[in-house]
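Novice: Below is the sequence, then the predicted model.
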Amino acid sequence: MKALVTGGGGFLGGAIVRALCKRGDTVVSFSRQRYSALDALGVTQIQGDLADPAAVSAAAKGCEIIYHVAALPGVWGRYNDFYRANVVGTDNVLAACAAHGIDKLVYTSSPSVVFNGRDMEGVDESVPYPAHFEAFYPQTKALAEQRVLTANSAQLATVSLRPHLIWGPNDNHLVPRILARGRAGQLRRIGKRPCLVDTIYVDNAAEAHLQAADHLTIGSPVAGKAYFIAQGEPLPLWEMVNRILASADLPPVERSVPASVAYAAGFCLEKLYTLLRLPQEPRLTRFVARELSTAHWFDLSAACRDFGYAPRVSLDEGLRRLRASLQGATP
(Lines give C-alpha, C1' and ligand atoms only; values in the text may rest on other atoms or scores of the structure.)
Protein backbone atom coordinates (compact mmCIF):
# COMPACT_ATOMS: atom_id res chain seq x y z
CA MET A 1 0.00 0.00 0.00
CA LYS A 2 0.96 3.63 -0.27
CA ALA A 3 0.85 5.14 3.20
CA LEU A 4 1.18 8.67 4.53
CA VAL A 5 2.80 8.91 7.97
CA THR A 6 2.49 12.30 9.64
CA GLY A 7 5.47 12.87 11.91
CA GLY A 8 7.44 10.22 10.00
CA GLY A 9 10.72 11.70 11.15
CA GLY A 10 9.84 11.43 14.84
CA PHE A 11 10.49 8.66 17.34
CA LEU A 12 7.34 6.55 16.90
CA GLY A 13 6.66 7.83 13.39
CA GLY A 14 10.12 6.77 12.30
CA ALA A 15 9.62 3.28 13.73
CA ILE A 16 6.32 2.97 11.84
CA VAL A 17 7.99 4.15 8.63
CA ARG A 18 10.79 1.59 9.01
CA ALA A 19 8.29 -1.21 9.63
CA LEU A 20 6.24 -0.23 6.58
CA CYS A 21 9.31 -0.03 4.35
CA LYS A 22 10.56 -3.39 5.65
CA ARG A 23 7.42 -5.13 4.44
CA GLY A 24 7.44 -3.37 1.07
CA ASP A 25 4.90 -0.58 1.45
CA THR A 26 5.46 2.77 -0.26
CA VAL A 27 5.74 5.56 2.31
CA VAL A 28 5.28 9.32 2.28
CA SER A 29 6.36 11.23 5.37
CA PHE A 30 4.90 14.61 6.34
CA SER A 31 7.00 16.55 8.85
CA ARG A 32 8.27 20.04 9.53
CA GLN A 33 11.80 19.19 8.41
CA ARG A 34 13.75 16.72 6.28
CA TYR A 35 15.44 13.65 7.79
CA SER A 36 18.48 11.93 6.27
CA ALA A 37 17.43 8.60 7.81
CA LEU A 38 14.23 8.69 5.75
CA ASP A 39 16.19 9.60 2.61
CA ALA A 40 18.24 6.45 3.18
CA LEU A 41 15.04 4.41 3.21
CA GLY A 42 13.82 5.93 -0.05
CA VAL A 43 10.87 7.61 1.66
CA THR A 44 9.21 10.55 -0.07
CA GLN A 45 9.41 13.48 2.31
CA ILE A 46 7.08 16.47 2.28
CA GLN A 47 7.68 19.39 4.62
CA GLY A 48 4.78 21.36 6.02
CA ASP A 49 2.63 22.37 8.96
CA LEU A 50 -0.25 20.18 10.14
CA ALA A 51 -2.33 23.31 10.58
CA ASP A 52 -2.00 24.08 6.85
CA PRO A 53 -4.88 22.20 5.16
CA ALA A 54 -3.46 22.60 1.65
CA ALA A 55 -0.09 21.11 2.70
CA VAL A 56 -1.72 18.14 4.42
CA SER A 57 -3.99 17.52 1.44
CA ALA A 58 -1.07 17.64 -0.99
CA ALA A 59 0.86 15.09 1.09
CA ALA A 60 -2.13 12.74 1.24
CA LYS A 61 -2.86 12.75 -2.49
CA GLY A 62 -2.47 9.29 -3.96
CA CYS A 63 -2.21 7.52 -0.59
CA GLU A 64 -4.44 4.64 0.49
CA ILE A 65 -4.03 4.93 4.26
CA ILE A 66 -2.88 7.58 6.75
CA TYR A 67 -1.04 6.94 10.00
CA HIS A 68 -1.58 10.21 11.88
CA VAL A 69 1.24 10.17 14.42
CA ALA A 70 2.38 13.81 14.53
CA ALA A 71 1.35 15.93 17.50
CA LEU A 72 2.58 18.65 19.81
CA PRO A 73 3.54 16.82 23.04
CA GLY A 74 4.51 18.22 26.42
CA VAL A 75 3.06 19.35 29.72
CA TRP A 76 3.55 23.08 29.33
CA GLY A 77 2.78 25.73 26.75
CA ARG A 78 -0.05 27.78 25.27
CA TYR A 79 -3.43 26.19 24.70
CA ASN A 80 -3.69 27.65 21.21
CA ASP A 81 -0.43 25.98 20.18
CA PHE A 82 -1.63 22.57 21.36
CA TYR A 83 -5.07 23.07 19.80
CA ARG A 84 -3.62 24.17 16.47
CA ALA A 85 -1.30 21.17 16.16
CA ASN A 86 -3.40 18.45 17.75
CA VAL A 87 -6.99 19.38 16.91
CA VAL A 88 -6.79 21.55 13.80
CA GLY A 89 -4.08 19.25 12.44
CA THR A 90 -6.33 16.24 12.93
CA ASP A 91 -9.25 18.05 11.30
CA ASN A 92 -7.02 18.66 8.29
CA VAL A 93 -6.06 14.98 8.11
CA LEU A 94 -9.73 13.99 8.19
CA ALA A 95 -10.47 16.53 5.46
CA ALA A 96 -7.65 15.09 3.34
CA CYS A 97 -9.13 11.60 3.71
CA ALA A 98 -12.47 12.90 2.43
CA ALA A 99 -10.93 14.90 -0.41
CA HIS A 100 -8.87 12.00 -1.77
CA GLY A 101 -11.16 9.07 -1.00
CA ILE A 102 -8.77 7.58 1.55
CA ASP A 103 -10.75 5.01 3.54
CA LYS A 104 -8.31 4.07 6.35
CA LEU A 105 -6.99 6.27 9.17
CA VAL A 106 -4.90 5.03 12.10
CA TYR A 107 -4.60 7.69 14.79
CA THR A 108 -1.98 7.80 17.55
CA SER A 109 -3.61 8.88 20.79
CA SER A 110 -2.53 8.50 24.43
CA PRO A 111 -3.92 6.95 27.63
CA SER A 112 -3.65 10.44 29.12
CA VAL A 113 -6.87 11.33 27.28
CA VAL A 114 -8.78 9.44 29.98
CA PHE A 115 -6.53 10.21 32.98
CA ASN A 116 -8.62 11.68 35.79
CA GLY A 117 -5.84 12.19 38.32
CA ARG A 118 -6.48 8.92 40.16
CA ASP A 119 -5.11 5.38 39.91
CA MET A 120 -5.89 3.57 36.66
CA GLU A 121 -5.43 -0.11 37.46
CA GLY A 122 -6.37 -2.65 34.81
CA VAL A 123 -8.90 -0.30 33.20
CA ASP A 124 -10.28 -1.03 29.74
CA GLU A 125 -11.50 1.22 26.96
CA SER A 126 -14.87 1.77 28.62
CA VAL A 127 -13.30 4.28 31.03
CA PRO A 128 -14.76 7.73 30.16
CA TYR A 129 -13.00 10.96 29.29
CA PRO A 130 -12.55 13.08 32.45
CA ALA A 131 -14.48 16.27 33.10
CA HIS A 132 -11.24 18.16 33.84
CA PHE A 133 -7.69 18.09 32.47
CA GLU A 134 -4.59 19.49 34.18
CA ALA A 135 -2.57 19.87 30.96
CA PHE A 136 -3.34 21.01 27.44
CA TYR A 137 -1.72 18.02 25.73
CA PRO A 138 -4.19 15.38 27.01
CA GLN A 139 -7.07 17.82 26.66
CA THR A 140 -6.41 18.48 22.98
CA LYS A 141 -5.51 14.87 22.23
CA ALA A 142 -8.87 13.84 23.72
CA LEU A 143 -10.67 16.31 21.46
CA ALA A 144 -8.76 15.01 18.45
CA GLU A 145 -9.43 11.37 19.32
CA GLN A 146 -13.15 12.04 19.62
CA ARG A 147 -13.12 13.67 16.19
CA VAL A 148 -11.35 10.66 14.70
CA LEU A 149 -13.74 8.12 16.22
CA THR A 150 -16.79 10.19 15.28
CA ALA A 151 -15.52 10.34 11.69
CA ASN A 152 -15.74 6.55 11.36
CA SER A 153 -18.36 5.94 8.67
CA ALA A 154 -19.35 4.05 5.57
CA GLN A 155 -16.65 5.99 3.70
CA LEU A 156 -13.82 6.06 6.25
CA ALA A 157 -12.67 3.45 8.75
CA THR A 158 -10.81 4.96 11.72
CA VAL A 159 -9.05 3.49 14.74
CA SER A 160 -7.27 5.17 17.65
CA LEU A 161 -4.32 3.60 19.49
CA ARG A 162 -3.25 4.70 22.97
CA PRO A 163 0.40 3.63 23.50
CA HIS A 164 1.62 4.38 27.02
CA LEU A 165 5.03 5.96 27.71
CA ILE A 166 6.92 4.94 24.56
CA TRP A 167 10.65 4.41 25.05
CA GLY A 168 13.65 2.75 23.37
CA PRO A 169 16.82 3.59 21.41
CA ASN A 170 16.74 7.04 19.77
CA ASP A 171 13.96 8.23 22.07
CA ASN A 172 13.92 12.03 21.91
CA HIS A 173 11.50 12.66 24.76
CA LEU A 174 11.03 10.32 27.74
CA VAL A 175 14.44 8.69 28.13
CA PRO A 176 16.50 11.89 27.57
CA ARG A 177 14.42 13.73 30.19
CA ILE A 178 14.93 10.98 32.76
CA LEU A 179 18.67 10.78 32.08
CA ALA A 180 19.18 14.56 32.09
CA ARG A 181 17.42 14.98 35.42
CA GLY A 182 19.16 11.92 36.81
CA ARG A 183 22.57 13.35 35.94
CA ALA A 184 21.58 16.67 37.51
CA GLY A 185 20.37 14.98 40.69
CA GLN A 186 16.90 16.49 40.21
CA LEU A 187 14.78 13.34 40.40
CA ARG A 188 12.71 12.60 43.50
CA ARG A 189 10.23 9.84 44.14
CA ILE A 190 6.78 11.34 44.55
CA GLY A 191 4.99 9.57 47.35
CA LYS A 192 5.95 6.17 48.72
CA ARG A 193 3.24 3.96 47.26
CA PRO A 194 4.57 1.28 44.85
CA CYS A 195 2.29 2.38 41.99
CA LEU A 196 2.37 -0.01 39.04
CA VAL A 197 2.92 1.58 35.63
CA ASP A 198 3.01 -0.10 32.22
CA THR A 199 5.06 1.30 29.34
CA ILE A 200 5.74 0.26 25.76
CA TYR A 201 8.89 -0.38 23.76
CA VAL A 202 8.86 1.62 20.52
CA ASP A 203 8.98 -1.33 18.12
CA ASN A 204 5.98 -2.91 19.86
CA ALA A 205 4.07 0.35 19.49
CA ALA A 206 4.94 0.54 15.79
CA GLU A 207 3.91 -3.06 15.16
CA ALA A 208 0.57 -2.43 16.89
CA HIS A 209 -0.13 0.36 14.40
CA LEU A 210 0.51 -1.96 11.45
CA GLN A 211 -1.56 -4.76 12.99
CA ALA A 212 -4.48 -2.41 13.59
CA ALA A 213 -4.21 -1.07 10.05
CA ASP A 214 -4.19 -4.57 8.57
CA HIS A 215 -7.46 -5.36 10.37
CA LEU A 216 -9.04 -1.99 9.63
CA THR A 217 -11.76 -1.99 7.00
CA ILE A 218 -15.10 -0.22 6.83
CA GLY A 219 -17.48 -1.97 9.20
CA SER A 220 -14.79 -4.20 10.74
CA PRO A 221 -14.64 -4.86 14.51
CA VAL A 222 -11.66 -2.51 14.75
CA ALA A 223 -13.33 0.47 13.06
CA GLY A 224 -14.45 3.33 15.26
CA LYS A 225 -12.69 2.08 18.38
CA ALA A 226 -9.85 3.14 20.69
CA TYR A 227 -7.33 0.67 22.10
CA PHE A 228 -4.82 0.74 24.96
CA ILE A 229 -1.36 -0.48 23.90
CA ALA A 230 1.43 -1.36 26.37
CA GLN A 231 3.99 -4.02 27.27
CA GLY A 232 1.66 -5.95 29.53
CA GLU A 233 4.50 -5.95 32.09
CA PRO A 234 3.62 -3.29 34.70
CA LEU A 235 6.33 -2.40 37.21
CA PRO A 236 6.45 0.00 40.15
CA LEU A 237 7.06 3.36 38.49
CA TRP A 238 10.33 4.16 40.19
CA GLU A 239 11.70 0.70 39.50
CA MET A 240 11.19 1.39 35.80
CA VAL A 241 12.79 4.82 36.12
CA ASN A 242 15.77 3.27 37.93
CA ARG A 243 16.17 0.60 35.26
CA ILE A 244 16.32 3.32 32.59
CA LEU A 245 18.89 5.20 34.68
CA ALA A 246 20.91 1.99 35.08
CA SER A 247 21.01 1.68 31.27
CA ALA A 248 23.20 4.79 31.33
CA ASP A 249 25.12 3.71 34.47
CA LEU A 250 23.39 6.36 36.58
CA PRO A 251 22.49 5.82 40.25
CA PRO A 252 18.90 5.04 41.28
CA VAL A 253 16.46 7.58 42.68
CA GLU A 254 16.21 7.10 46.42
CA ARG A 255 15.03 10.41 47.89
CA SER A 256 11.32 11.19 47.95
CA VAL A 257 8.80 13.94 48.61
CA PRO A 258 5.16 13.53 49.71
CA ALA A 259 2.68 13.52 46.83
CA SER A 260 0.71 16.40 48.37
CA VAL A 261 3.85 18.53 48.59
CA ALA A 262 4.77 17.76 44.98
CA TYR A 263 1.29 18.68 43.76
CA ALA A 264 1.36 21.96 45.71
CA ALA A 265 4.82 22.74 44.32
CA GLY A 266 3.57 22.07 40.79
CA PHE A 267 0.63 24.40 41.33
CA CYS A 268 2.88 27.20 42.63
CA LEU A 269 5.39 26.79 39.81
CA GLU A 270 2.63 26.92 37.20
CA LYS A 271 1.28 30.15 38.70
CA LEU A 272 4.76 31.67 38.89
CA TYR A 273 5.70 30.77 35.32
CA THR A 274 2.37 32.07 34.05
CA LEU A 275 2.69 35.33 36.00
CA LEU A 276 6.25 35.95 34.80
CA ARG A 277 5.45 34.65 31.29
CA LEU A 278 8.44 32.34 31.35
CA PRO A 279 8.63 30.28 28.14
CA GLN A 280 10.46 27.25 29.52
CA GLU A 281 8.72 24.31 31.16
CA PRO A 282 8.52 24.35 34.98
CA ARG A 283 10.53 21.67 36.73
CA LEU A 284 7.24 20.26 38.03
CA THR A 285 3.56 20.70 37.15
CA ARG A 286 0.33 19.41 38.71
CA PHE A 287 -0.15 16.98 35.83
CA VAL A 288 3.34 15.51 36.25
CA ALA A 289 2.90 15.25 40.03
CA ARG A 290 -0.32 13.30 39.52
CA GLU A 291 1.22 11.08 36.84
CA LEU A 292 4.23 10.23 39.02
CA SER A 293 2.18 9.34 42.10
CA THR A 294 -0.57 7.17 40.61
CA ALA A 295 -0.85 3.75 38.97
CA HIS A 296 -1.27 3.40 35.19
CA TRP A 297 -1.74 -0.05 33.71
CA PHE A 298 -4.37 -1.30 31.34
CA ASP A 299 -6.44 -4.22 30.16
CA LEU A 300 -4.97 -5.03 26.73
CA SER A 301 -7.40 -7.82 25.89
CA ALA A 302 -9.35 -5.78 23.30
CA ALA A 303 -6.25 -5.16 21.17
CA CYS A 304 -5.18 -8.79 21.56
CA ARG A 305 -8.63 -10.02 20.51
CA ASP A 306 -9.41 -7.59 17.69
CA PHE A 307 -6.09 -7.38 15.85
CA GLY A 308 -3.74 -9.88 17.45
CA TYR A 309 -1.61 -7.48 19.44
CA ALA A 310 1.16 -9.24 21.37
CA PRO A 311 4.39 -7.37 22.20
CA ARG A 312 7.33 -9.20 20.63
CA VAL A 313 10.09 -7.28 22.41
CA SER A 314 10.05 -7.97 26.15
CA LEU A 315 10.81 -5.34 28.77
CA ASP A 316 14.19 -6.94 29.54
CA GLU A 317 15.15 -7.17 25.87
CA GLY A 318 14.07 -3.59 25.28
CA LEU A 319 16.21 -2.39 28.16
CA ARG A 320 19.14 -4.39 26.79
CA ARG A 321 18.73 -2.66 23.44
CA LEU A 322 18.42 0.72 25.14
CA ARG A 323 21.62 0.17 27.08
CA ALA A 324 23.47 -0.92 23.94
CA SER A 325 22.35 2.23 22.11
CA LEU A 326 23.38 4.48 25.01
CA GLN A 327 26.78 2.78 25.09
CA GLY A 328 27.22 3.41 21.36
CA ALA A 329 26.74 -0.21 20.30
CA THR A 330 24.21 -1.60 17.82
CA PRO A 331 21.03 -2.49 19.79
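Specialist: Yep, that arrived. The shown structure was predicted, so the numbers you read here are calculated from the model rather than taken from an experiment.
Novice: going forward, measure contacts and count neighbours with C-alpha atoms only.
Specialist: Noted.
Novice: Count the neighbours of Asp91 for me.
Specialist: 20 (other Cα atoms under 10 Å).
Novice: What residues does it make contact with?
Specialist: Going by Cα atoms under 8 Å, 6 or more residues apart in numbering, Asp91 touches 144, 147.
Novice: Kindly report the same for Tyr263.
Specialist: By Cα under 8 Å, 6+ apart, the contact set of Tyr263 is 285-286, 289-290.
Novice: and the host helix or strand of it, how far out from the chain's middle?
Specialist: Element membership for Tyr263, per DSSP states H and E: helix 259-276. Counting by Cα atoms, centre = their mean, to the nearest Å, helix 259-276 is centred 25 Å from the centre of its parent chain.
Novice: if you average pLDDT over it, what comes out?
Specialist: Here helix 259-276 scores 90 as its mean pLDDT.
Novice: Next SSE downstream of it?
Specialist: Later in the chain than helix 259-276, the nearest helix or strand by DSSP H and E is helix 286-291.
Novice: hmm, back to that, mind putting the contacts of Tyr263 in JSON lines, distance to Leu156, neighbour count and pLDDT included?
Specialist: Converted to JSON lines, the contacts of Tyr263 look like this (distance: Cα to Cα, whole Å; neighbours: other Cα atoms under 10 Å; pLDDT from 0 to 100):
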{"residue": "Thr285", "distance to Leu156": "38", "neighbour count": "24", "pLDDT": "88"}
{"residue": "Arg286", "distance to Leu156": "38", "neighbour count": "21", "pLDDT": "88"}
{"residue": "Ala289", "distance to Leu156": "39", "neighbour count": "22", "pLDDT": "88"}
{"residue": "Arg290", "distance to Leu156": "37", "neighbour count": "22", "pLDDT": "89"}
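Novice: what would these look like in CSV with distance to Val313?
Specialist: Below are the contacts of Tyr263 laid out as CSV (distance: Cα to Cα, whole Å):
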residue, distance to Val313
Thr285, 32
Arg286, 33
Ala289, 29
Arg290, 29
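Novice: from those residues, which is closest to Ala262?
Specialist: Within the contacts of Tyr263, proximity to Ala262 (Cα to Cα) peaks at Ala289, which comes in at 5.9 Å.
Novice: Surely the closest one touches Ala259?
Specialist: Yes. The pair Ala289 / Ala259 is scored as a contact, 7.0 Å apart, by Cα atoms under 8 Å.
Novice: Give me the common contacts of the two.
Specialist: Common contact partners of Ala289 and Ala259 (Cα under 8 Å, 6+ apart): Ile190.
Novice: quick one, strands of the stretch 201-331 of the chain?
Specialist: Taking DSSP state E, counting those that start in this stretch as the test, the strands found in the stretch 201-331 of the chain are 225-229, 235-236, 256-257, 296-298.
Novice: Let's have those strands in a markdown table, adding distance to Gly48 and mean neighbour count.
Specialist: Output for these, formatted as a markdown table (distance: least, Cα to Cα, whole Å; neighbours: other Cα atoms under 10 Å):
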| stretch | distance to Gly48 | mean neighbour count |
| --- | --- | --- |
| strand 225-229 | 28 | 25 |
| strand 235-236 | 39 | 17 |
| strand 256-257 | 43 | 12 |
| strand 296-298 | 35 | 25 |
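Novice: Check those for me: which has the lowest mean pLDDT.
Specialist: Among these, strand 256-257 carries the lowest mean pLDDT, a mean of 90.
Novice: Quick check: neighbours of that one in the sheet, parallel or antiparallel?
Specialist: Partners of strand 256-257 in the sheet, by DSSP bridges, are strand 189-190 (parallel).
Novice: Now the element after the strand it pairs with, going C-ward?
Specialist: strand 196-197.
Novice: For that next one, name the packing helices and strands.
Specialist: Under the contact criterion of 3 or more Cα pairs under 8 Å, 6 or more residues apart in numbering; DSSP states H and E, strand 196-197 touches strand 235-236, strand 296-298.
Novice: Let me see the mean pLDDT of that strand.
Specialist: Confidence for strand 196-197, expressed as mean pLDDT, is 96.
Novice: ok, now stretch 206-216?
Specialist: What stretch 206-216 shows for mean pLDDT is 98.
Novice: same thing with stretch 153-161?
Specialist: Throughout stretch 153-161, pLDDT has a mean value of 98.
Novice: can you give me how far that stretch is from the chain middle?
Specialist: 19 Å.
Novice: Stretch 42-51 too?
Specialist: In terms of Cα atoms, centre = their mean, the centre of stretch 42-51 is set 19 Å apart from its chain centre.
Novice: Could you do stretch 156-174 as well?
Specialist: Distance, stretch centre to chain centre, for stretch 156-174: 3 Å (Cα atoms, centre = their mean).
Novice: And that stretch, end to end?
Specialist: Using Cα to Cα, to the nearest Å, the end-to-end distance of stretch 156-174 comes out at 33 Å.
Novice: what residues are up against Phe136?
Specialist: Going by Cα under 8 Å, 6+ apart, Phe136 touches 75-79, 82.
Novice: Please read the previous query as pertaining to Gln211.
Specialist: Residues in contact with Gln211 (Cα under 8 Å, 6+ apart) are 307-309.
Novice: which of these has the most neighbours?
Specialist: Neighbour-wise, these (other Cα under 10 Å) top out at Tyr309, 22 neighbours.
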